[in-house]
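Visitor: Dropping a prediction and its sequence here:
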Amino acid sequence: MNIKKNHIATILLALASSTPVAQASVAPFQPYQAQLFATNTAMANAVNTSLVRYPTYGNQEKYNSGYAFYVDNDLLVPGSDDRDYTGGLALTLSGKRASEYWFSLDAALSATESLLSLDALDGGSGQRQLHSIEFGATAFTPGDVEGSEANQSDRPYASLFYLSNTRHHINHNTKTAVTTTLTVGAIGLSIAGDIYNGIHSTIGSDKGEGWSHQISSGGELTARFGSSRQQVVASNYTPGSSYEIKTLAQGSVGYLTELSFGVTGRWGRINTPWWTFNPANAKYTEKSSAVTPFKRTNDLFVFGGFSSHVRGYNAFLQGQWKNSDVSYDRDELNTIIHEAWAGVTVGINTKTNISYFVRGQTSEIKQGDGNRSPIWGGVVFNYSI
């Protein structure tokens, strides 16, 4: 087995260097253009600024702005097989509280931003900083889960249990947003197999018999820092039909080390600001998003996008320092990976919306049984307070 100490490349995430980051309190949220949130109450599908303006609380972020629950599973796509990225669960808590919990990583994230000089950028007007904290788990399996022996030609079993903190630096004037995320967790925990088999036993699916061969079996600490910059490049907001298109540049260092570039958009009845919707930031289960208290009743839109990743390291396939029964060398994996997604969001009431999406990517493994392009589905519940 290979020692993986040298796989983690040092990528300085200068993607955000051209975008100001707000550190202190800022003015209350204002729409970045007059027609985005119309004040005409006769416009049924527009947002009344007087009703939905982000709560100021003395020009401070709201302590508890909401939460989101994510469920990803390949079985949520009709006809899909239970393999590759087989599923994940995550819970996100948003608001100032995310930076104040005793277990919060926000102080470490702040130090990382300082190290990258993100905190030294000019603040300026029209800026807001939001916080969120996320708890989640992710699981990967080979194509044949009934075999108990290690399959050297297929994807290895892998798992991650994690805690992450995210900061969202929003500039309404320039229609840009910088998101930074720090994640810590453990891969290879035996409880992953217990949970997987418990769920599959309940729903009548095949149990995974090879979890003892998962990456870093027995457990190993891991971490990731990521930064992304999104920019609104086209938009039009009207009462009946609106659209917006954003570009994304992203980078991360850690158990996923990569650079990414993509485009995402949505179309329909859009009553929430562009910076509240970030499907391009997702890294498997990790969604790195924040829930904000805007009216969601009339939300009804479709969304989609694509991105390309230049990937240097993936611990879920290559392992870390600990030996694994099944793992891949860097030259056995594809460096360029393409990803695409599409879905729909429906507003249930003034505080809740639900999204369903289908996501897929090109194969990460060059040859063998693991040379597949996985597809999975997901459901997201957003509740704002």
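Guide: Nice, thanks for sending it over. Just so it is clear, the structure is predicted and the values come from calculations on it, not from any experiment.
Visitor: can we go C-alpha only for contacts and neighbour counts from here?
Guide: Will do.
Visitor: Give me the neighbour count for residue 191.
Guide: Residue crowding around residue 191 was assessed by other Cα atoms under 10 Å; the count is 14.
Visitor: Also the one 3 residues further on?
Guide: Applying the criterion other Cα under 10 Å, we find 14 residues in the vicinity of residue 194.
Visitor: tell me which element it is part of?
Guide: Here residue 194, judged by DSSP states H and E, is contained in helix 191-203.
Visitor: What are the buried residues along that helix?
Guide: Buried positions in helix 191-203, judged by neighbour count with 16 or more other Cα atoms under 10 Å: 192, 193, 196, 197.
Visitor: With stretch 71-91 instead?
Guide: Buried residues in stretch 71-91, counting neighbours by 16+ other Cα under 10 Å, are found at 71-76, 82-91.
Visitor: Let me see the mean pLDDT of that stretch.
Guide: In this model, stretch 71-91 has a mean pLDDT of 83.
Visitor: CA atoms of it as CSV?
Guide: Only the C-alpha atoms of stretch 71-91 are listed here, as CSV (Å, rounded to 0.1, in the frame of the first residue of the first chain):
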residue,chain,number,x,y,z
VAL,A,71,-30.6,13.9,2.0
ASP,A,72,-28.5,12.6,-0.9
ASN,A,73,-28.9,9.1,-2.2
ASP,A,74,-28.4,7.4,-5.5
LEU,A,75,-31.7,5.6,-5.0
LEU,A,76,-33.5,8.9,-5.3
VAL,A,77,-32.8,8.7,-9.1
PRO,A,78,-35.1,6.2,-10.8
GLY,A,79,-33.2,3.2,-12.2
SER,A,80,-30.0,4.1,-10.4
ASP,A,81,-27.9,1.5,-8.7
ASP,A,82,-26.8,1.6,-5.1
ARG,A,83,-23.1,2.3,-5.6
ASP,A,84,-20.3,4.9,-5.8
TYR,A,85,-21.5,8.0,-3.9
THR,A,86,-24.3,6.1,-2.3
GLY,A,87,-25.6,8.8,0.0
GLY,A,88,-25.3,11.4,2.7
LEU,A,89,-27.1,13.3,5.4
ALA,A,90,-26.4,16.8,6.6
LEU,A,91,-28.0,19.4,9.0
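Visitor: Just the mean pLDDT for the helix holding residue 194, thanks.
Guide: 84.
Visitor: which outside residues touch it?
Guide: Contact partners of helix 191-203, identified using Cα atoms under 8 Å, 6 or more residues apart in numbering, comprise 139, 159, 206, 207, 208, 211.
Visitor: so which of those is the most crowded?
Guide: Counting neighbours by other Cα under 10 Å, the top entry in those is residue 159, with 29 neighbours.
Visitor: show me where this protein has helices.
Guide: Secondary structure of the chain (DSSP state H): helices at 49-52, 106-115, 191-203, 315-318.
Visitor: The chain: strands as residue ranges?
Guide: Ranges of strands within the chain are 66-73, 84-94, 127-141, 158-171, 176-187, 220-236, 242-254, 256-269, 300-314, 336-347, 352-361, 375-384, based on DSSP state E.
Visitor: Going by distance to residue 107, which of the contacts of helix 191-203 wins?
Guide: Relative to residue 107, the closest of these is residue 159; by Cα to Cα it sits at 26.4 Å.
Visitor: Confirm for me that that closest one is in contact with residue 89.
Guide: No: at 11.8 Å, residue 159 does not count as touching residue 89 under the criterion of Cα atoms under 8 Å.
Visitor: and for the two, which residues touch both?
Guide: Both residue 159 and residue 89 are contacted by 137, 138, under the criterion Cα under 8 Å, 6+ apart.
Visitor: Give me the pLDDT for the nearest residue to residue 329 once chain neighbours are set aside.
Guide: Leaving aside its sequence neighbours, residue 329 sits nearest to residue 318 (Cα to Cα, 6 or more residues apart in numbering; 6.1 Å). pLDDT for residue 318: 96.
Visitor: Then residue 2?
Guide: We have a pLDDT of 44 for residue 2.
Visitor: How about residue 111?
Guide: For residue 111, the pLDDT comes out at 93.
Visitor: Tell me the spacing between it and residue 165.
Guide: 13 Å (Cα to Cα, to the nearest Å).
Visitor: Between these two, point out the one with more neighbours.
Guide: More crowded of residue 111 and residue 165, by other Cα under 10 Å: residue 165, with 28 against 13.
Visitor: if we can go back for a sec, can you add distance to residue 297 and give the buried residues of helix 191-203 back as JSON lines?
Guide: JSON lines is the format used below for the buried residues of helix 191-203 (distance: Cα to Cα, whole Å):
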{"residue": "192", "distance to residue 297": "37"}
{"residue": "193", "distance to residue 297": "39"}
{"residue": "196", "distance to residue 297": "35"}
{"residue": "197", "distance to residue 297": "38"}
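Visitor: closest to residue 295 among those residues?
Guide: Using Cα to Cα, those come closest to residue 295 at residue 196, 36.6 Å.
Visitor: What's the separation between that closest one and residue 222?
Guide: 21 Å.
Visitor: what do you get for residue 116?
Guide: Between residue 116 and residue 222 the distance is 21 Å, computed by Cα to Cα.
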